[in-house]
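Q: sequence first, then the predicted structure:
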Amino acid sequence: MPRLSRRLGAIVSVVAVLALVVGVGAVYGPLRAPAPADPDAARGGPKADEGGAEEAEEQQEGTEKRNEAFEEARREGKSGQVRLAAAPAASGWAGEFPMDTTWDDWEPAIAADPKASYIYVLATRYGAPKPCSGNCPTPWIALEVSTDNGLTWSEGKPLCACKGSGQFDPIIEVVPSNGHVYALYMNGFNVLFTKSTDHGKTWSAPVPTWGNVSWNDKPVIAMSDDGKDVYVSFNGPTGGDPWAAQSHDAGASWTQAKLVDSNRYYFAFDADVAPDGTVYFAESSLLYGGGGNKGTTPTGTIDHHAFISRDKGATWEDRTVASVQPGVACDAAGCTPDFYLGHSVLSVDGSGAIAYLYDGAATAGGLQTISAKRSADKGVTWSTAVALSKAGENSTAPAVESRGSGDVRAFYYETSGGGNDDAWNIWYRSSADGGATWSAPVKISDAPGGAAYKTPTGFMEVYGDYGEIAITQRGKAIGAWGEGLSYTGPGGVWINRQQ
């Protein structure tokens, strides 16, 4: 995906300034009604007169590098993925398999219908032919659908064969009450909303979510149980400030407001709406130093936040859940040193309890740990952290989903062999008490081969900033994540499901 700091595929810069600590529990004012959206922005990304020209150029450069890496690997016979027929699966799991066997897929999103057998997965697809003629995007968002709880899958098709420079950062969710499917993706540096009311067969025309915000990056989405109230967060001007966009007509129209005005750079990674309508965003903020140098390691703490609205988005609270140190720097081909840093995710169960997972180190430059906290009072107070990942290994990018009363499922990336960053695996754990205690870890990246980047000890590099986990109608976990040769690639999206 493209990124204004580190995440979105391009190797890009962040303008660093001095820190401004955002206080716990700060409340921000009512959302503003936006001016009409710029129609040209939907077609091309950030407007040059708003300072987005450099970011758009670097986004294109990153896309070209990833496509070049894929073509080189294809010439050398190192591209593509296969499912090994004889590969032993983890106990209780079907065995991991690739979303696609040919193309270079990066950074998936997955969602399951809680009341039906449908599952949806999206990925950013590099290397594949454009999905339409003329000004058609590369990369583009690929969609696959399962109608039988993940047993079989449709062929990949474009989520939207829309005009534009490139599509990135897919996010997908299912409306609990009616099975409608809501999705976000970026066209250049603009976040668009689309939905399907027929289980992914057809999709609405994309709707701009950004109003007068000149560029936006890395979105998340959540909605009320009836799908009427929809909430999106992304970062944008200036310097990565967090924004909230909301719709109260099932995504037809949107308003926007900045949540924090600071010199920290915010990344949104997850969102949820509780049964009582309380809205939660999990976001991480980083302070970059070095005079705005590209790909710098953050200075000071990385703060993991929960932004909370108890009045349908009219006001927001900012609660700092944890503060950690920046951990191990990424040194893979094409990678900026902050790639592994600053991930946070949350999920709210049927009783309103929150599970919050995050990565971070105890000392600057140290190995990162995946930690879990929980809140039983709507985010006012948080429990002591519980470590999920293994001591002595480096971990990053957790994913979490919950349901019922305290039923929590999670996975995370973890190195193998004392922090060996050429041997990563995906580990799954679950909790029946809201995250107070957890099951033993299970390695669900269980195929010992099937791609140039896979070995019996693990895959060579984390491929994308995030993967996701969902819980099917049958109460089984299903996850999707990226594996690759390097940050630049190529790689692929892999899926595994509980039996």
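A: Perfect, I can see it now.

Q: send me the helix or strand where Val232 lies as CSV with only the CA atoms.
A: For Val232, the enclosing helix or strand under DSSP states H and E is strand 230-236. Extracted in CSV, the C-alpha atoms of strand 230-236 (Å, rounded to 0.1, in the frame of the first residue of the first chain):
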residue,chain,number,x,y,z
VAL,A,230,-20.8,4.1,9.7
TYR,A,231,-17.5,5.4,11.2
VAL,A,232,-14.2,5.7,9.4
SER,A,233,-10.8,6.9,10.6
PHE,A,234,-7.8,7.8,8.5
ASN,A,235,-4.7,10.0,8.9
GLY,A,236,-4.1,13.2,6.9
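
Q: shouldn't Glu72 be within a helix?
A: Yes - assignment of Glu72 by DSSP: H, G, I helix; E, B strand; the rest coil places it within a helix.

Q: ok, back up a step: model confidence over the strand holding Val232, on average?
A: When pLDDT is averaged along strand 230-236, the result is 96.

Q: what's the answer for stretch 467-487, then?
A: Model confidence over stretch 467-487, given as mean pLDDT, is 97.

Q: next one: stretch 273-293
A: Averaging pLDDT along stretch 273-293 yields 85.

Q: what are the buried residues along it?
A: 273-274, 278-288 (16 or more other CB atoms under 10 Å). From N, CA and C alone the C-beta is placed, and that goes for glycine too.

Q: which of those residues sit farthest apart?
A: Within the buried residues of stretch 273-293, Ala274 and Tyr288 form the most distant pair, 33.0 Å apart (CB to CB).

Q: show me what the strand holding Val232 is packed up against.
A: Packing contacts for strand 230-236, counted by 3 or more CB pairs under 8 Å, 6 or more residues apart in numbering; DSSP states H and E, involve strand 191-196, strand 217-223, strand 241-247, strand 265-273, strand 279-286.

Q: parallel or antiparallel, which strands does the next helix or strand after the last one pair with?
A: The reference is to strand 279-286. Stepping forward along the backbone from strand 279-286, the first helix or strand reached (DSSP H and E) is strand 302-309. Applying DSSP bridges to the sheet, strand 302-309 is found paired with strand 279-286 (antiparallel), strand 316-324 (antiparallel).

Q: could I get these as a markdown table with distance to Asp104?
A: As requested, those are arranged in a markdown table below (distance: least, CB to CB, whole Å):
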| stretch | distance to Asp104 |
| --- | --- |
| strand 279-286 | 27 |
| strand 316-324 | 32 |
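
Q: nearest to Asp465, out of those strands?
A: Ranking the strands paired with strand 302-309 by their distance to Asp465 (criterion: CB to CB) puts strand 279-286 first, at 10.9 Å.

Q: how far off strand 217-223 does the closest one point, in degrees?
A: 160 degrees (axes from the mean of the first three to the mean of the last three CA atoms, to 10 degrees).

Q: report the angle between strand 279-286 and strand 241-247.
A: Counting by the same axes, to 10 degrees, strand 279-286 points 160 degrees away from the direction of strand 241-247.

Q: C-alpha coordinates for strand 279-286, PDB please?
A: These are the backbone C-alpha positions of strand 279-286, laid out as PDB (Å, rounded to 0.1, in the frame of the first residue of the first chain):
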ATOM      1  CA  VAL A 279     -17.600   3.700  18.800                       C
ATOM      2  CA  TYR A 280     -13.900   2.700  19.200                       C
ATOM      3  CA  PHE A 281     -10.800   3.400  17.100                       C
ATOM      4  CA  ALA A 282      -7.500   1.700  17.900                       C
ATOM      5  CA  GLU A 283      -4.700   4.000  16.700                       C
ATOM      6  CA  SER A 284      -1.000   4.400  17.400                       C
ATOM      7  CA  SER A 285       1.000   7.600  17.400                       C
ATOM      8  CA  LEU A 286       4.700   8.100  16.700                       C
END
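
Q: chain center to it, what's the gap?
A: Relative to the centre of its chain, strand 279-286 is centred 12 Å away, using CA atoms, centre = their mean, to the nearest Å.

Q: how about stretch 193-202?
A: When C-alpha coordinates are averaged (CA atoms, centre = their mean), stretch 193-202 and its chain have centres 20 Å apart.

Q: measure it end to end?
A: The straight-line separation of the ends of stretch 193-202 (CA to CA, to the nearest Å) is 14 Å.

Q: using the three-state scheme, assign the residue of the chain most remote from its centre.
A: Summary for the chain: using CA atoms, centre = their mean, the residue whose C-alpha lies farthest from the chain's mean C-alpha position is Ala86, with a distance of 31.4 Å. Assigned state for Ala86: coil (three-state reduction, three-state DSSP).

Q: isn't Gln256 right up against Trp243?
A: Yes - the pair Gln256 and Trp243 passes the contact test of CB atoms under 8 Å, sitting 5.8 Å apart.

Q: intersection of neighbour lists for these two?
A: Val213 (CB atoms under 8 Å, 6 or more residues apart in numbering).

Q: those two: who's more crowded?
A: Under the neighbour definition other CB atoms under 10 Å, Gln256 and Trp243 were set side by side, and Trp243 has more, 25 against 22.

Q: separation between that one and Leu259?
A: Remark: distance between Trp243 and Leu259 (CB to CB, to the nearest Å) = 6 Å.

Q: shared neighbours of the two, anything?
A: Applying CB under 8 Å, 6+ apart, one finds that Trp243 and Leu259 are jointly contacted by Ser233.

Q: what residues are up against Thr209?
A: Listed by CB under 8 Å, 6+ apart, the contact set of Thr209 reads Leu184, Val191, Leu192, Phe193, Asn216, Pro219, Val232, Phe234, Ala245, Ser247, Trp254, Gln256.

Q: for the closest residue to the third one other than its chain neighbours, grab the count of nearby residues.
A: The shortest distance from Leu192 to any residue that is not its chain neighbour, by CB to CB, 6 or more residues apart in numbering, is 3.9 Å, and that residue is Pro206. Pro206: 22 surrounding residues under other CB under 10 Å.

Q: how confident was the prediction at Pro206?
A: We note a pLDDT of 97 for Pro206 in this prediction.

Q: ok, it touching Asn190?
A: No - the criterion here is CB under 8 Å, and Pro206 misses it with Asn190 at 9.6 Å.

Q: in the stretch 301-450 of the chain, which spans are strands?
A: For the stretch 301-450 of the chain, the strands defined by DSSP state E, counting those that start in this stretch cover 302-309, 316-324, 344-348, 354-361, 368-375, 386-387, 395-403, 407-415, 424-431, 442-443.

Q: so which elements touch the last one?
A: Here strand 442-443 touches strand 424-431, going by 3+ CB pairs under 8 Å, 6+ apart.

Q: ditto for the third one
A: Applying 3+ CB pairs under 8 Å, 6+ apart, one finds that strand 344-348 makes contact with strand 265-273, strand 279-286, strand 302-309, strand 354-361, strand 395-403.

Q: how about 6 Å then?
A: With contacts defined as 3 or more CB pairs under 6 Å, 6 or more residues apart in numbering; DSSP states H and E, strand 344-348 has these neighbours: strand 265-273, strand 279-286, strand 354-361, strand 395-403.

Q: in stretch 489-499, what's buried?
A: By 16+ other CB under 10 Å, the buried positions in stretch 489-499 come out as Gly489, Pro490, Gly491, Gly492, Val493, Trp494, Ile495, Asn496, Arg497, Gln498.

Q: show me the contact partners of that stretch.
A: The list of residues contacting stretch 489-499 from outside it, by CB atoms under 6 Å, 6 or more residues apart in numbering, reads 66, 69-70, 73, 79, 81, 92-94, 96-99, 104-105, 108, 123, 150, 444, 463, 476-480, 482-484.

Q: run the last query once more with 7 Å
A: Counting by CB atoms under 7 Å, 6 or more residues apart in numbering, stretch 489-499 makes contact with 66, 69-70, 73, 79, 81, 92-100, 104-106, 108, 121, 123, 150, 444-446, 451, 453, 463, 476-485, all of which sit outside it.
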